[in-house]
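**Q** Build me a structure from this.
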Amino acid sequence: MVLYHAGPQWLFVDETSINRSEMAKRLTDQHGFTPCTLYEPFGAGRGAVIAKHDHMLVMALGEAGGNTFYAVAPSKELQDLIWSFSHGLASQWSELELRALTGEGDWNALMTMAAAQFAAARRSVERAIAGNPAHDAPTAQQSMTADMPLLDDDVMEVPPDYLHSFTGMEVSECAH
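**A** Purely as a prediction, here's the structure:
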C-alpha cells in the first residue's frame with residue numbers, strides 16, 4: 001500500500017480492468033474532473049495523476065494481472081495542511097495562507113471541505129468504475145413526485161365550482 005503524509009484515512013484505492021485513458025475519460029466526461037498528464041506529485045512510483053477535481057487527485061498506481069490500481073488522495077498542498085493540522089502544527093499556517101491554498105479561512109472549514117471533496121471524489125471513482133454517471137437519471141415516479149406538492153392532512157379542500165377555466169371570450173365589465 002502506498003502511503004501519503006496526510007495518513008491512510010485520506011487514501012482510497014480500488015482496482016479495475018479499466019485502463020488509464022478510459023478511466024480518465026469517464027471521470028472527465030461524466031463526473032466533472034479535469035484530465036491530467038500523468039505527473040507524479042509525490043515522487044516516482046507513488047502514483048501518476050490521471051484526473052483532478054477541486055483539491056482531490058485520482059492517480060494510477062500501477063498494473064497487475066490485467067487490472068489497474070487507482071488511488072484517490074488530496075493534492076500535495078492539501079496533504080501538507082492536513083499533516084500540519086493532525087500533528088499539532090496548525091499554528092504555522094496563517095489565515096492568509098490557508099485562504100490562498102484552499103479558499104478557506106479557518107481549520108474547521110478547511111477540514112470540512114477536504115472531507116466532503118474526498119468523499120465526492122471517492123464516490124465518483126466508484127461510480128466511474130461501475131460505468132455510472134455522477135448522478136442517476138430520475139425515474140418517472142421521482143419526476144412525477146417532484147412536480148406534485150406534498151400535502152398533509154390539514155389541507156383545506158377547494159369546492160369544485162371555485163376553479164374556472166377562462167376561454168378568453170368573456171366580456172370584461174370594467175373595461176372601457
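**Q** Do a quick rundown of the strands in this structure.
**A** Secondary structure of the chain by DSSP state E: the strands cover 12-16, 34-35, 48-53, 56-64, 67-74.
**Q** Compare the ones you listed and give me the one nearest L27.
**A** strand 48-53 (4.3 Å; Cβ to Cβ). Glycine gets a C-beta too; all of them are placed from N, C-alpha and C.
**Q** relative to strand 56-64, how tilted is that closest one?
**A** Between strand 48-53 and strand 56-64, the angle comes out at 150 degrees (axes from the mean of the first three to the mean of the last three Cα atoms, to 10 degrees).
**Q** mind saving the C-alpha coords of strand 48-53 as PDB?
**A** C-alpha atoms of strand 48-53 as PDB (Å, rounded to 0.1, in the frame of the first residue of the first chain):
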ATOM      1  CA  ALA A  48       0.600   9.300 -11.700                       C
ATOM      2  CA  VAL A  49      -2.300  11.800 -11.700                       C
ATOM      3  CA  ILE A  50      -4.900  11.000 -14.400                       C
ATOM      4  CA  ALA A  51      -7.600  13.400 -13.300                       C
ATOM      5  CA  LYS A  52      -8.200  16.100 -10.700                       C
ATOM      6  CA  HIS A  53     -11.300  17.700  -9.200                       C
END
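**Q** And it, what does it pack against?
**A** Judged by 3 or more Cβ pairs under 8 Å, 6 or more residues apart in numbering; DSSP states H and E, the packing partners of strand 48-53 are helix 20-31, strand 34-35, strand 56-64, helix 107-129.
**Q** Let me have the strands of the chain in JSON lines, adding distance to D106 as columns.
**A** Formatted as JSON lines, those follow (distance: least, Cβ to Cβ, whole Å):
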{"stretch": "strand 12-16", "distance to D106": "26"}
{"stretch": "strand 34-35", "distance to D106": "27"}
{"stretch": "strand 48-53", "distance to D106": "23"}
{"stretch": "strand 56-64", "distance to D106": "20"}
{"stretch": "strand 67-74", "distance to D106": "18"}
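**Q** beta partners for A73?
**A** L57 (DSSP bridges).
**Q** ok, the residue positioned nearest the centre of the chain to G88 distance?
**A** Centroid-nearest residue in the chain: A120, 3.4 Å away (criterion: Cα atoms, centre = their mean). Remark: distance between A120 and G88 (Cβ to Cβ, to the nearest Å) = 28 Å.
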